[in-house]
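Engineer: build me a structure from this.
(one chain, ligands or ions: 1)
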Amino acid sequence: MTRTVNIGLVGAGTVGGGVLKALRRNGALMASRLGVRLHIAQVAVRSPKKKRDFKVAKGVLTTNWKSVINDPKIDLVVELIGGTTIAKDVVLTALKAGKSVVTANKALLAFHGEKLFAAAEKSGANLYYEASVAGGVPIIKVIREALVGNRVTHLYGILNGTCNFILTKMKEGLDFSAAVKLAQQQGYAESDPSLDVDGHDAAHKVGILASLAHGFWVKPKEIYTEGISHITPLDLEFAGSLGYAIKLLGIVKKSKKGPLQVSMYPALIPRDHVLANVSDVYNGVLVRGDVVGDTLYYGQGAGRDATAGAVLSDIGDAVLDLKHGSTDRLKAFTPHESNGEVRPIGETTACYYMRLSVLDRPGVLAKVSAILAKNKIGISSVMQPEGHEGGSVPLILMLHYAKNAAMAKALKAIVKLSSVKTKPVLIRVENFG
Ligand code: HSE
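Structural biologist: Numbering: from 1, shown residues only. Next up is the predicted model:
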C-alpha cells in the first residue's frame, strides 16, 4: 500500500498559499514520482477568517502552531511564516521532536543556522532550505549534491529579485521609489523593503551559499554589506557608457591560502558578461568549481510560484527520507571545515568606479589624483561628461585594483577637499577573474 506523508504547514501567506495551490495542481504527479502520497493535514495561520485564494479541507486550519508540531500524525513540518522569533521556535521545536523541517526562511538560517543544524543532527531530523536562496533556482541542491566533488573557488550571485528588478526599472527610466513600489505590488519585496534595498536579504543568502560551499557557518555580521539606495540613474548611465551594468552582487572568493571573501555590494560588471543580462526579478548564480570550471544557474528569484516550486523540491527530498527511514543520505548541511574564516573587507581588493561632484575649475583633478597616488591607487581612466553645467560637475574615475582599506583612506581625504561638493559615489568593479 502506498504510504501517506502528513504535512503540517505553518504559515499560509504569499509563499504558503503558493505551496498549497501548487500541491493541489501537482500533488498527484509528485506522489507518482516519489511513490508516497502527500497530505496537508494541518495549516497554522494567524487569522483563520482571512479571505484566501486557496482551499483547504474543513478542520485543517488552526491558529495554534504548537498543535501542528505536537500532532503525532504530522510527519513533516513546513515553516513559511518568516522572521526570526516565532519561526525559530517553530523550527527548533519540530527538529527537537525529531520531525524534519522545510523552510524558506533565509534570515532565520543566516542568524541561527549553526544552532538549527546542530539540533537537526542531534535528533536525526533534516532541515531543508532550497527556497531560502534565489527563489526557484535550485542552487542549494546544486552545491550540496551536484558539485560535491568540487572545491568552490568563486561564487558570484545576483540574489535579490527586488533589487535586480529596481535596478532594471531604473535603467528603463523609473525613479527609485516608484520601482520599489512596483516590486512590492508584485509580491517580490520583503514586508520591510529596507531588508532588500539595504542588501541584508541578499547578504543572508550569500552567507548561506558560502556556508554550504565552504563547510563552516558564516555569520551575517562577518559579511560586508552595501545596498543599492545610493545608486542613481546617473551612475547607471555613466556605467553604461563605460561598457558596464550595475548589479547587486554577492561574492564568495577563496584564494589558495587564508580566509574567504564573503560580501554583498553593488558592482559594475562588464555588459557582455552573462550575469549583466540577468534582469528584472531574475536571479543568476555563477559557481566556479576547481574540477568542473564555470557553471551557471538562472531563474526567478522572488515571487510566490518560484518560491513555492523550491519548497516542493525540498518536500520531495524530505518525503524520500521518510520513505526510506533515514536522513543520512543527504545531510542538508555538513560542517566540514573547522578552521573557516571570513576575510575582513579592508583586506580584500577590488577595482573601483568613483563619481565625484566637483567644482568646475582647474587643479581639482590634480588634487584628487595626488590623494590616490599617496594611497598607491592607480587611475585607469577619467571621464568628465559634457553637458553638465552649473556650480558642480560630475567627475568619474575608474581605478585599478587596490585594497579596500587603502580606498577607504583615500576616500576620507577626498571628501575633505573643498572642491568636492557632495558625498562621492564609490562602486566596486568586478571582472570575474
Ligand atoms: N525579497 C526577496 C527578493 C524575496 O526580492 O529576492 C525572495 O527571497
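
Engineer: got phi/psi on the residue lying farthest from the centre of the chain?
Structural biologist: In terms of distance from the mean C-alpha position of the chain, Pro362 ranks first, at 44.6 Å (CA atoms, centre = their mean). Per-residue torsions, Pro362: phi -60, psi 150 (degrees, to the nearest 10).

Engineer: where's Val15, which helix or strand?
Structural biologist: For Val15, the host element (DSSP states H and E) is helix 14-34.

Engineer: got the contact list for whichever helix or strand comes after that helix?
Structural biologist: Sequence order places strand 36-44 as the next helix or strand after helix 14-34, per DSSP H and E. Contacts to strand 36-44, defined as CB atoms under 8 Å, 6 or more residues apart in numbering, come from residues 2-12, 16, 20, 23, 27, 30-31, 56-57, 60-65, 67-68, 71, 73-74, 315, 319-320, 322-323. From N, CA and C alone the C-beta is placed, and that goes for glycine too.

Engineer: Tyr298: how many residues sit nearby?
Structural biologist: Neighbour count for Tyr298, taken as other CB atoms under 10 Å: 18.

Engineer: helix/strand/coil for it?
Structural biologist: Classification of Tyr298 by DSSP: H, G, I helix; E, B strand; the rest coil places it in strand.

Engineer: check contacts around the closest residue to the ligand within the stretch 251-400 of the chain.
Structural biologist: Residue of the stretch 251-400 of the chain nearest the ligand, by CB to the nearest ligand atom: Ala302 (3.6 Å). Contact partners of Ala302, counting by CB under 8 Å, 6+ apart, are Gly135, Asn160, Gly161, Thr162, Phe165, Gly187, Tyr188, Ala189, Val281, Asn283.

Engineer: let me see the mean pLDDT of the helix holding Val15.
Structural biologist: Average pLDDT, helix 14-34: 97.

Engineer: and for stretch 70-82?
Structural biologist: Regarding stretch 70-82, the rounded mean pLDDT is 97.

Engineer: return the residues of the protein in contact with the ligand.
Structural biologist: Gly135, Asn160, Gly161, Thr162, Tyr188, Ala189, Glu190, Asp196, Asp201, Gly301, Ala302 (CB under 6 Å from any ligand atom).

Engineer: reformat these as a markdown table; add secondary structure and pLDDT.
Structural biologist: Shown next, in a markdown table, are these (DSSP: H, G, I helix; E, B strand; the rest coil; pLDDT from 0 to 100):
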| residue | secondary structure | pLDDT |
| --- | --- | --- |
| Gly135 | coil | 95 |
| Asn160 | coil | 98 |
| Gly161 | helix | 97 |
| Thr162 | helix | 97 |
| Tyr188 | coil | 93 |
| Ala189 | coil | 92 |
| Glu190 | coil | 91 |
| Asp196 | helix | 97 |
| Asp201 | helix | 98 |
| Gly301 | coil | 96 |
| Ala302 | coil | 95 |
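
Engineer: Ala203 is in what secondary structure piece?
Structural biologist: Per DSSP H and E: helix 200-214 holds Ala203.

Engineer: likewise for Ala413?
Structural biologist: Residue-wise, Ala413 maps onto helix 404-415 under DSSP H and E.

Engineer: ditto for Thr153
Structural biologist: Per DSSP H and E: strand 152-158 holds Thr153.

Engineer: mind putting the residues of the chain next to the ligand in a markdown table, distance to Pro220 included?
Structural biologist: Below are the residues of the chain next to the ligand laid out as a markdown table (distance: CB to CB, whole Å):
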| residue | distance to Pro220 |
| --- | --- |
| Gly135 | 20 |
| Asn160 | 14 |
| Gly161 | 19 |
| Thr162 | 18 |
| Tyr188 | 21 |
| Ala189 | 19 |
| Glu190 | 15 |
| Asp196 | 15 |
| Asp201 | 11 |
| Gly301 | 19 |
| Ala302 | 19 |
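
Engineer: highest neighbour count among these?
Structural biologist: Going by other CB under 10 Å, Asn160 tops these with 37 neighbours.

Engineer: ok, that one - contacts?
Structural biologist: Neighbouring residues of Asn160 by CB under 8 Å, 6+ apart: Asp196, Gly199, Asp201, Ala202, Lys205, Leu248, Asn283, Gly301, Ala302.

Engineer: and those residues as TSV, adding distance to Pro424?
Structural biologist: Formatted as TSV, these follow (distance: CB to CB, whole Å):
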residue	distance to Pro424
Asp196	24
Gly199	19
Asp201	26
Ala202	23
Lys205	28
Leu248	19
Asn283	30
Gly301	30
Ala302	31
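
Engineer: and these, which is closest to Ala107?
Structural biologist: Distance ranking of those against Ala107, using CB to CB, places Asp201 first at 7.6 Å.

Engineer: the closest one and Glu190 touch, don't they?
Structural biologist: Yes - the criterion here is CB atoms under 8 Å, and Asp201 meets it with Glu190 at 5.9 Å.

Engineer: okay, and the common contacts of those two?
Structural biologist: Looking at what touches both Asp201 and Glu190 (by CB under 8 Å, 6+ apart), the common residues are Thr162.

Engineer: okay, the helix holding Ala203 in PDB with CA atoms only?
Structural biologist: Provided in PDB are the C-alpha atoms of helix 200-214 (Å, rounded to 0.1, in the frame of the first residue of the first chain):
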ATOM      1  CA  HIS A 200      20.600  42.500   4.100                       C
ATOM      2  CA  ASP A 201      18.300  39.900   2.500                       C
ATOM      3  CA  ALA A 202      20.900  39.200  -0.200                       C
ATOM      4  CA  ALA A 203      23.700  39.100   2.400                       C
ATOM      5  CA  HIS A 204      21.800  36.400   4.300                       C
ATOM      6  CA  LYS A 205      21.600  34.400   1.100                       C
ATOM      7  CA  VAL A 206      25.200  34.800   0.100                       C
ATOM      8  CA  GLY A 207      26.100  33.800   3.600                       C
ATOM      9  CA  ILE A 208      24.000  30.600   3.300                       C
ATOM     10  CA  LEU A 209      25.700  29.700   0.000                       C
ATOM     11  CA  ALA A 210      29.200  30.400   1.400                       C
ATOM     12  CA  SER A 211      28.500  28.300   4.500                       C
ATOM     13  CA  LEU A 212      27.200  25.400   2.400                       C
ATOM     14  CA  ALA A 213      30.100  25.600  -0.100                       C
ATOM     15  CA  HIS A 214      32.800  26.000   2.500                       C
END
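
Engineer: what angle do that helix and strand 152-158 make?
Structural biologist: Angle of helix 200-214 versus strand 152-158, following axes from the mean of the first three to the mean of the last three CA atoms, to 10 degrees, is 160 degrees.
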